[in-house]
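**Student:** Curious how this folds, go ahead:
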Amino acid sequence: HRYDHARNAVFAFLEEEIAKGRQVYVVYPLIEGSEKLDLKDVTDGFESISRRFPLPKYAVSIVHGRMDQATKDYEMGRFKKGETDILVATT
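**Tutor:** Here you go, the predicted model:
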């Protein structure tokens, strides 16, 4: 469990794991931001991670409950096949 102020440490950890040939997933509690809760959402997280881990060196996917089932299945399939380095998802 990490917080926003530890973002650089998290990114360094992700990079180390990918360099070892591993895949990683990052879980966010929300699909969209909330004014009442001070939590990051999956969309912002995906954009931030995608900027830090750009194509073509890294493949980053996103999965959340508001996506249609076919898209979720496709992205999960890519992760299972090892085609995605980082999967960003909601709980």
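**Student:** ok, now which ones touch T84?
**Tutor:** T84 sits next to Q23, A59, V60, S61, E75, R78 when contact means CB atoms under 8 Å, 6 or more residues apart in numbering. To be clear about C-beta, it is placed using only N, CA and C from the backbone, and glycine gets the same treatment.
**Student:** Might you specify the subset of the residues you listed located within strands?
**Tutor:** The strands, defined by DSSP state E, take in V60, S61 from those.
**Student:** nearest to Q69, of the contacts of T84?
**Tutor:** E75 (11.0 Å; CB to CB).
**Student:** Provide the strand pairings for the particular helix or strand that has V27 in it, with the direction of each partner.
**Tutor:** In the assignment (DSSP states H and E), V27 maps to strand 24-28. With DSSP bridges as the criterion, the sheet partners recorded for strand 24-28 are strand 86-90 (parallel).
**Student:** What residues of the partner strand count as buried?
**Tutor:** I86, L87, V88, A89, T90 (16 or more other CB atoms under 10 Å).
**Student:** So what touches it?
**Tutor:** Contacts for strand 86-90 (CB under 8 Å, 6+ apart): 14, 18, 23-31, 42, 45-46, 49, 53, 58-65, 75-76, 79.
**Student:** For that strand, list the C-alpha coordinates in PDB.
**Tutor:** The C-alpha coordinates for strand 86-90 follow below in PDB (Å, rounded to 0.1, in the frame of the first residue of the first chain):
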ATOM      1  CA  ILE A  86       1.700  -3.000 -16.100                       C
ATOM      2  CA  LEU A  87      -2.000  -3.500 -15.500                       C
ATOM      3  CA  VAL A  88      -3.800  -0.600 -13.800                       C
ATOM      4  CA  ALA A  89      -7.100  -1.600 -12.300                       C
ATOM      5  CA  THR A  90      -9.800  -0.900  -9.800                       C
END
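**Student:** mean confidence for that strand?
**Tutor:** Strand 86-90 comes out with an average pLDDT of 95.
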